[in-house]
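Colleague: Fold the following and give me the result.
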Amino acid sequence: MSQKSMLKTIARIALLLLAGCAGVSAAQAQAIEPKVAVCQTCHLTGTLQSTSVIPNIWGQSEGYIYIQLRDFKSGARDAPEDAAMRGFVATMSDADMLEIAQYASTQPWPKVEPISTDTALLKKGAYATAVVGCGGCHFNDWKGFSANPRVGAQSAAYLAATIRQFRSGTRANSPGMSDLVRTLDEGDIDAVAAYLNAAQ
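Modeller: Sure thing, here's the model as predicted:
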């Protein structure tokens, strides 16, 4: 076989492999749609309101989403407000959780509004996040990475509620977070939430 013929054969094989992969991806996307439709009942894909206590998960870090699903299932996250999520993941396999995490992470991050324009509050939040060292984990312009979640442009109400859960110990699946936020007072928490919410 000539070199030219060999290159043509390799090219054909590569095209067939790519076509096969594309078919698998399309099939996977169809298979996950019913599972994701349940998520979309609460985690809306349109504009996210800053007053929502339900977090945005679309475009969130894949590793973080997977860990939270795993922790809901294991009971590591067992606050009363987590009951619906624990019920949702109860029958999920590890593969299901990984698949949902991967899918959610590839979706566009929605617009969040309204955003606080209170300059004093936002400055207080910027100062508090710097003192506590939030950027050490939630880096990359507050977008996080892997197991570290994106907190920028997240719902302010959700952020404030979550910080309070960590501080009180009702959310106990990240002891490091609990230790850090115990230094924040009530006013600091609201300022941090507003500042991060505005970090679009």
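Colleague: Could you report the neighbour count for Ser50?
Modeller: For Ser50, the neighbour count with other Cβ atoms under 10 Å is 20. C-beta: built from backbone N, CA, C; applies to glycine.
Colleague: What of Gly125?
Modeller: If we define neighbours as other Cβ under 10 Å, then Gly125 has 27 of them.
Colleague: Quick one: classify it as helix, strand or coil.
Modeller: What DSSP: H, G, I helix; E, B strand; the rest coil gives for Gly125 is helix.
Colleague: Kindly state the pLDDT recorded for Val131?
Modeller: On the pLDDT scale, Val131 is placed at 96.
Colleague: How many residues are close by the residue nearest to it when sequence neighbours are not counted?
Modeller: Spatial nearest neighbour of Val131, excluding adjacent residues (Cβ to Cβ, 6 or more residues apart in numbering): Thr183 at 7.7 Å. Neighbours of Thr183 under the rule other Cβ under 10 Å: 11.
Colleague: what's the pLDDT at Thr183?
Modeller: 94.
Colleague: how close does it sit to Ala128?
Modeller: Look at Thr183 and Ala128: by Cβ to Cβ, to the nearest Å, they are 9 Å apart.
Colleague: what does Glu113 give?
Modeller: 23 Å.
Colleague: same deal with Thr91?
Modeller: 41 Å.
Colleague: Equivalent analysis for Phe72, please.
Modeller: 29 Å.
Colleague: next one: Gly187
Modeller: 9 Å.
Colleague: So if I had to pick from those two, which one is more boxed in?
Modeller: For Gly187 versus Ala128, neighbours defined as other Cβ under 10 Å are more numerous around Ala128 (20 against 12).
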